[in-house]
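S.K.: Mind folding the following:
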Amino acid sequence: MISRRIAHRGVAVLLAAATALPAATAVAEPAPPAPGPEAQLVPGVYQPWQADTPDQVLAPQVYVPSAAEEAVEPVEAAPGAYDLVEYVPLSDAVARISCTRSRGPYQRQVERWLKLKVDGKQSKADCKVIRAFQVREKIKPAIGFAGPVTWSRMQYLSARKNPNAAKKCPVRTYRVACVDQARQITWVQKGKKVVFGPVPMRSGRAGYRTRTGWFKVYWKHKNHVSTLYHQPMPYAQFFSGGQAFHAVYGSIFTTVGSMGCVNLRLGDARKLWGVLKKGDRVHVWGRRPGA
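M.R.: Got it, this is the predicted structure:
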């Protein structure tokens, strides 16, 4: 009696032989590969600081920092830390092409924003226009790929004049820090007047989503360091347990979200530090794409 292992091995050999046989008929040239989920995309430009920055998951120990501690300003980020680096198919990143044939995950949205024909298909004309936008906005690599960073930049540009056009953030007579997770932008308004931002941000990933609803800034700590991961969280302003606004020393333009905090570029976090006070309200809504 032939063992089951030998039988399986025989089937495997037959399958291998079958796949090695030449095709009986000619096949057409394959279409340009369409990328899968964003998780399969990679940064198109190498960044040494590109890391999954851990945040404060649990509520920190609250205390009053000394005057000497408060006088110390957080160190500056490395040059290029906040560059707009697009996520592209690995094959495009390796080949260093000038214009991609691949359809991006935000193809339709980008086509609509650029007033192109909205068909969800990448064409030479599409690539040329998208690439021109990327060059203008200093998105690297500028290869015309309709990726998450390009679409995020477009949403930010659309929001600059009136971030609350959709009235998602409640208007109050006092200051409200508005956190729009769908567009990944944040701003502060007092009444209808925007007093800070909008600026790009990075909120929580799946499993560590930034909580939605109303909160208050309950503690500000300029030189906070995560007690869980021993990582710097400069200009931290806590509003919900361990979730806070704070700067990171790496790109916030990633396909992976934070572990709950609202990550900002250092300059933006510094400006927000001067705007928000203890007791100011924070309103968070929506969901980060992919979270």
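S.K.: Measure how far stretch 128-146 is from the centre of its chain, please.
M.R.: 17 Å (Cα atoms, centre = their mean, to the nearest Å).
S.K.: go on, stretch 164-180?
M.R.: Worked out by Cα atoms, centre = their mean, stretch 164-180 lies 22 Å from the chain centre.
S.K.: Now it: buried residues?
M.R.: Buried residues in stretch 164-180, counted by 16 or more other Cβ atoms under 10 Å: 164, 169, 175-180. Any C-beta I mention is one placed from the backbone N, CA and C, and that applies to glycine too.
S.K.: One more: stretch 239-258?
M.R.: For stretch 239-258, burial by neighbour count (16+ other Cβ under 10 Å) applies to 239-240, 242-255, 257-258.
S.K.: One more: stretch 221-238?
M.R.: Residues of stretch 221-238 classed as buried: 221-224, 226, 232-238 (neighbour count, 16+ other Cβ under 10 Å).
S.K.: Mind putting those residues into a markdown table with secondary structure, pLDDT and distance to residue 126?
M.R.: Shown next, in a markdown table, are the buried residues of stretch 221-238 (DSSP: H, G, I helix; E, B strand; the rest coil; pLDDT from 0 to 100; distance: Cβ to Cβ, whole Å):
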| residue | secondary structure | pLDDT | distance to residue 126 |
| --- | --- | --- | --- |
| 221 | strand | 95 | 47 |
| 222 | strand | 96 | 46 |
| 223 | strand | 94 | 47 |
| 224 | strand | 93 | 44 |
| 226 | coil | 80 | 43 |
| 232 | strand | 90 | 41 |
| 233 | strand | 93 | 40 |
| 234 | strand | 96 | 40 |
| 235 | strand | 97 | 40 |
| 236 | strand | 96 | 42 |
| 237 | strand | 97 | 41 |
| 238 | strand | 96 | 44 |
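S.K.: out of these, who's nearest residue 187?
M.R.: Of all these, residue 187 sits closest to residue 237, with 14.4 Å by Cβ to Cβ.
S.K.: any idea how far that closest one lies from residue 149?
M.R.: 26 Å (Cβ to Cβ, to the nearest Å).
S.K.: quick one: which of the buried residues of stretch 164-180 is nearest residue 93?
M.R.: Nearest to residue 93 among the buried residues of stretch 164-180: residue 180, at 29.9 Å, using Cβ to Cβ.
S.K.: Please give me every residue in contact with the closest one.
M.R.: Residues near residue 180 by Cβ atoms under 8 Å, 6 or more residues apart in numbering: 159, 163, 168-169, 186, 285-286.
S.K.: What pLDDT does the model give residue 231?
M.R.: Listed pLDDT for residue 231 reads 81.
S.K.: Test for you: state the pLDDT assigned to residue 191.
M.R.: We have a pLDDT of 97 for residue 191.
S.K.: okay, now it: neighbour count?
M.R.: When neighbours are defined as other Cβ atoms under 10 Å, residue 191 has 12 of them.
S.K.: Help me confirm that it comes into contact with residue 171.
M.R.: Yes: here residue 191 reaches residue 171: they are 6.2 Å apart, a contact under Cβ atoms under 8 Å.
S.K.: quick revisit: from the contacts of residue 180, which two are the most distant?
M.R.: 159 and 285, at 14.3 Å, using Cβ to Cβ across the contacts of residue 180.
S.K.: Those two: which has the busier surroundings?
M.R.: More neighbours surround residue 159 than the other of residue 159 and residue 285, with 20 against 15 (other Cβ under 10 Å).
S.K.: mind listing what residue 210 touches?
M.R.: Contacts of residue 210 (Cβ under 8 Å, 6+ apart): 179, 181, 203-204, 243, 258, 260-262, 284, 288.
S.K.: in what helix or strand does residue 228 lie?
M.R.: Secondary structure assignment for residue 228, by DSSP states H and E: no helix or strand.
S.K.: Could I get the full set of strands for the stretch 101-250 of the chain?
M.R.: 139-140, 175-180, 185-190, 193-200, 213-216, 219-225, 232-240, 243-247 (DSSP state E, counting those that start in this stretch).
S.K.: export these to a markdown table and tack on distance to residue 102?
M.R.: A markdown table is the format used below for the strands of the stretch 101-250 of the chain (distance: least, Cβ to Cβ, whole Å):
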| stretch | distance to residue 102 |
| --- | --- |
| strand 139-140 | 16 |
| strand 175-180 | 29 |
| strand 185-190 | 27 |
| strand 193-200 | 24 |
| strand 213-216 | 39 |
| strand 219-225 | 41 |
| strand 232-240 | 37 |
| strand 243-247 | 33 |
